[in-house]
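Asks: Coordinates only, no sequence provided:
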């Protein structure tokens, strides 16, 4: 871990809708270093997929980056045109393992043909070189090299998943963005995939941006984590720091909502309500309506993300009550004036 | 227990017929059999909640569908309060369907989008001709914590969140006061923040209403919140069943062990080891006899007479399985090395499929088999390998009870007093 590879600074992303500007990401900042596995966690509707899409310039038509910057190796990404992005960044620098990867292969093309297409668009490599690279990557992800000319249907589900991962990796990108790569898979298969990702980290020093709702996977596999709630990053830091000493109420409640097989009878925390749909500027804490410790100042302005202590400047939380909330949670005190409103369902307009 | 069980499943089988093309018909070949549920037995007592856990494709959903009569049984029987389902009359079925209710996986699609909550909940009452509808509907909404009822009665599913939809589904299942609830992954599509609430609510209702439940899921990490005992299913059969906490703590069957040890631990300092398993479960087509897990089992048992390391034996077994399923890509190997000469082919096969070094008789047997294979003599190759390497796991292991209430179907536990006794005690890695 050394130089910053990706820097996201005060990023705000909005969607133009009939009802006005819908804010999906508000003032979010984080950095990913070389060789770092970074996890972005949150419920559905938190804006985490929007964040990922904005990094590779893949926002939907109505999505705009309203503020802030995304720098890849110091270069501002949203100043590049789509053609420049394709030529310089996509696939060879930053690649993408899509959500629902199993259905992302073209059923009518051999895997090698799909690789050639990617290689021809994004690099100047000869076809034979592309095939060689694909073979090498097949070997790393545990597929037989001789199978690069197979059609997708000749692979089992797990093998297709690995073929997708091979395609995301064969041009040796520096950063891989994986959006819920294992969500539809059984635990054994999920573990197999992460075993390969671990291996790639050691062998190729790749960085990973892992987007998932499953915080147990992040705690296990990532170096750092950011926990997102309705467009805002609630807390971020090394996985150890956030696990040991969570400060933002959403961070520790989200963490405690997950079962742990080591403690099969532990009470799971329930977070009432759901992430709100935010219109216009978000000048308040988006968790305030669900937070048992919400105070008037939570609704007065967007809480600044600040280091939780002097000895670890990378561990930041965006909560005005970060000093005491966790202790109050631990001793079972709730004094907030929260009025979570289960009824106001924000129809089907999902942010992510 | 002297009480009669609510539901008793006896050697239940559900086979599907595979596709048969015109050539198969002309040749009068019998269609392939998909053994989705294969000889499954269990009892469900009053107010008991049992989980059936397994990966996708293990047959757990087929089991559930057979239980509610969506599929006909191929063999075996289901007894509802002592009465066999196979002899049900039409009115028996109606009573059965009233008393055995289902909660489906997907709350987003299992409620009729055109019906309000009131209509959805009234429908079962109408079908079974029950009165006091309004009162009953309000009562149920209160029980599933959709309060105040007025707020929800006239909403359609599109105006409910995922958790609320699933609560309506649960209410709909409870409204007829059933004896049994069959729940198919009821929380897997919900966000984790509501998962816990829905699970706890279900557990409470089971207790309050004295309902029994079969809970079907692929997720072992939440099962302790809902079921006292667990049955682990693999390719159509139960391989292990035990009390939930015991099973999670010290699984006995190698498959359960692999499953439990692959569950992520939400703790960066824990350092869980990644799975040693490779591949995925095979398709349950014409799989005949034998332990269902033998093609992936990290502890498959070699014949006592031969000396071989577990890894090397595992490779031979996996290769044999591929060979029997005609999945060895001879053409591909030939293309790769550019010749079909038998020694070169045998060399290429060995380096493609085997990484462990073999010696003596083990190596010469393998070599002979690979050479036969290079000559396109698949059957001879299989026979050669089977002759030397056939495992006891090729026969179906009986289900034994090594500890009271703990059933395992694995040859490692069979015949405990002989030399077969399991050498390495299976343990859940705890720190």
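Replies: Perfect, thanks for sending it. Note that the coordinates shown come from a computational prediction; the quantities given were computed from them, not determined experimentally.

Asks: alpha carbons only for contacts and neighbour counts from here, please
Replies: Noted.

Asks: In the stretch 251-352 of chain A, what residue spans correspond to strands?
Replies: In order along the chain, the stretch 251-352 of chain A carries the following strands (DSSP state E, counting those that start in this stretch): A:306-307, A:316-317.

Asks: so can I have TSV of the ones you listed showing mean pLDDT?
Replies: Shown next, in TSV, are those (pLDDT from 0 to 100):
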stretch	mean pLDDT
strand A:306-307	94
strand A:316-317	96
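
Asks: Between these, which one is closest to chain B.
Replies: Nearest to chain B among the strands of the stretch 251-352 of chain A is strand A:316-317 (18.0 Å), distances taken as C-alpha to the nearest C-alpha.

Asks: how about low-confidence regions in the chain?
Replies: Unless you meant another one, I'm taking chain A. A:1-2, A:100-102, A:184, A:336-352 (pLDDT under 70).

Asks: wrong one, I was asking about chain B
Replies: In chain B, residues with pLDDT under 70: B:1-2, B:415-431.

Asks: Tell me who's in contact with the residue of it found nearest chain A.
Replies: Nearest residue of chain B to chain A: residue B:266, at 3.8 Å (C-alpha to the nearest C-alpha). Neighbouring residues of residue B:266 by C-alpha atoms under 8 Å, 6 or more residues apart in numbering or on different chains: A:215, A:216, A:217, A:218, A:219, A:220, A:258, A:260.

Asks: Residue B:320 now?
Replies: B:382, B:385.

Asks: so which helix or strand takes in it?
Replies: Using DSSP states H and E, the element containing residue B:320 is helix B:310-324.

Asks: Just list what the helix or strand following that helix packs against, helices and strands only.
Replies: The helix or strand immediately downstream of helix B:310-324 is helix B:330-337, counting by DSSP H and E. Helix B:330-337 is packed against helix B:342-353, with contacts defined by 3 or more C-alpha pairs under 8 Å, 6 or more residues apart in numbering or on different chains; DSSP states H and E.

Asks: what residues does the helix it packs on touch?
Replies: So helix B:342-353 is contacted by A:144, B:315, B:319, B:333-334, B:337, B:339, B:367, B:370-371, B:373-375 (C-alpha under 8 Å, 6+ apart).

Asks: can you give me the angle that helix makes with helix B:310-324?
Replies: 120 degrees (axes from the mean of the first three to the mean of the last three C-alpha atoms, to 10 degrees).

Asks: Which of the residues in helix B:342-353 are classified as buried?
Replies: B:342, B:344, B:345, B:346, B:348, B:349 (16 or more other C-alpha atoms under 10 Å in any protein chain shown).

Asks: and chain B, what are its domains?
Replies: B:7-227, B:310-390 (automatic domain parsing).

Asks: Surely residue A:300 is in contact with residue A:282?
Replies: No: counting by C-alpha atoms under 8 Å, residue A:300 does not reach residue A:282; the two are 10.5 Å apart.

Asks: What about residue A:237, how many residues nearby?
Replies: 24 (other C-alpha atoms under 10 Å in any protein chain shown).

Asks: which SS class is it?
Replies: strand (DSSP: H, G, I helix; E, B strand; the rest coil).

Asks: One more: residue B:155?
Replies: coil.

Asks: what comes up buried for stretch B:357-365?
Replies: B:362, B:365.

Asks: Can you give the distance of it from its chain's centre?
Replies: 37 Å (C-alpha atoms, centre = their mean, to the nearest Å).

Asks: got it, and stretch A:42-60?
Replies: 8 Å.

Asks: ditto for stretch B:251-261
Replies: The answer for stretch B:251-261 is 13 Å, by C-alpha atoms, centre = their mean.

Asks: quick revisit: between residue A:300 and residue A:282, tell me which one has more neighbours.
Replies: More crowded of residue A:300 and residue A:282, by other C-alpha under 10 Å: residue A:282, with 21 against 11.

Asks: which SSE is residue B:113 in?
Replies: Going by DSSP H and E, residue B:113 is not part of any helix or strand.

Asks: which non-adjacent residue is nearest the residue in the stretch 101-250 of chain A that chain B sits nearest to?
Replies: At 3.8 Å from chain B, residue A:216 is the closest residue in the stretch 101-250 of chain A, using C-alpha to the nearest C-alpha. Nearest in space to residue A:216, with sequence neighbours left out and distances taken as C-alpha to C-alpha, 6 or more residues apart in numbering or on different chains, is residue B:266 at 3.8 Å.

Asks: Reduced to three states, what does that neighbour come out as?
Replies: coil.

Asks: how close does it get to residue A:141?
Replies: As for residue B:266, its distance to residue A:141 is 25 Å (criterion: C-alpha to C-alpha, to the nearest Å).

Asks: thinking again about what came up before, any chance of the contacts of helix B:342-353 in a markdown table, plus neighbour count and distance to residue B:233?
Replies: What follows is those, written out as a markdown table (neighbours: other C-alpha atoms under 10 Å in any protein chain shown; distance: C-alpha to C-alpha, whole Å):
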| residue | neighbour count | distance to residue B:233 |
| --- | --- | --- |
| A:144 | 15 | 30 |
| B:315 | 17 | 25 |
| B:319 | 19 | 25 |
| B:333 | 19 | 36 |
| B:334 | 17 | 39 |
| B:337 | 12 | 42 |
| B:339 | 11 | 45 |
| B:367 | 20 | 37 |
| B:370 | 27 | 35 |
| B:371 | 22 | 38 |
| B:373 | 22 | 35 |
| B:374 | 23 | 38 |
| B:375 | 17 | 40 |
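
Asks: Most widely separated two among the residues you listed?
Replies: B:315 and B:339 (25.1 Å; C-alpha to C-alpha).

Asks: So which residues on the stretch 1-150 of chain A come close to chain B?
Replies: Where the stretch 1-150 of chain A comes near chain B, counting by C-alpha under 8 Å from any C-alpha of the partner chain, the residues are A:43, A:44, A:144, A:146, A:147.

Asks: which of those residues lies closest to residue A:316?
Replies: Nearest to residue A:316 among these: residue A:43, at 19.8 Å, using C-alpha to C-alpha.

Asks: list the contacts for that closest one?
Replies: A:213, A:228, A:229, A:275, B:191, B:192, B:193.

Asks: ok, now residue B:184?
Replies: B:61, B:64, B:102, B:103, B:104, B:105, B:215, B:216, B:217.

Asks: circling back: so can I have JSON lines of the contacts of helix B:342-353 showing distance to residue B:68?
Replies: Shown next, in JSON lines, are the contacts of helix B:342-353 (distance: C-alpha to C-alpha, whole Å):
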{"residue": "A:144", "distance to residue B:68": "43"}
{"residue": "B:315", "distance to residue B:68": "42"}
{"residue": "B:319", "distance to residue B:68": "40"}
{"residue": "B:333", "distance to residue B:68": "49"}
{"residue": "B:334", "distance to residue B:68": "51"}
{"residue": "B:337", "distance to residue B:68": "55"}
{"residue": "B:339", "distance to residue B:68": "57"}
{"residue": "B:367", "distance to residue B:68": "52"}
{"residue": "B:370", "distance to residue B:68": "49"}
{"residue": "B:371", "distance to residue B:68": "52"}
{"residue": "B:373", "distance to residue B:68": "48"}
{"residue": "B:374", "distance to residue B:68": "50"}
{"residue": "B:375", "distance to residue B:68": "52"}
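
Asks: Going along the chain, name the strands of the stretch 101-250 of chain B.
Replies: B:180-184, B:212-217, B:229-234, B:237-243.
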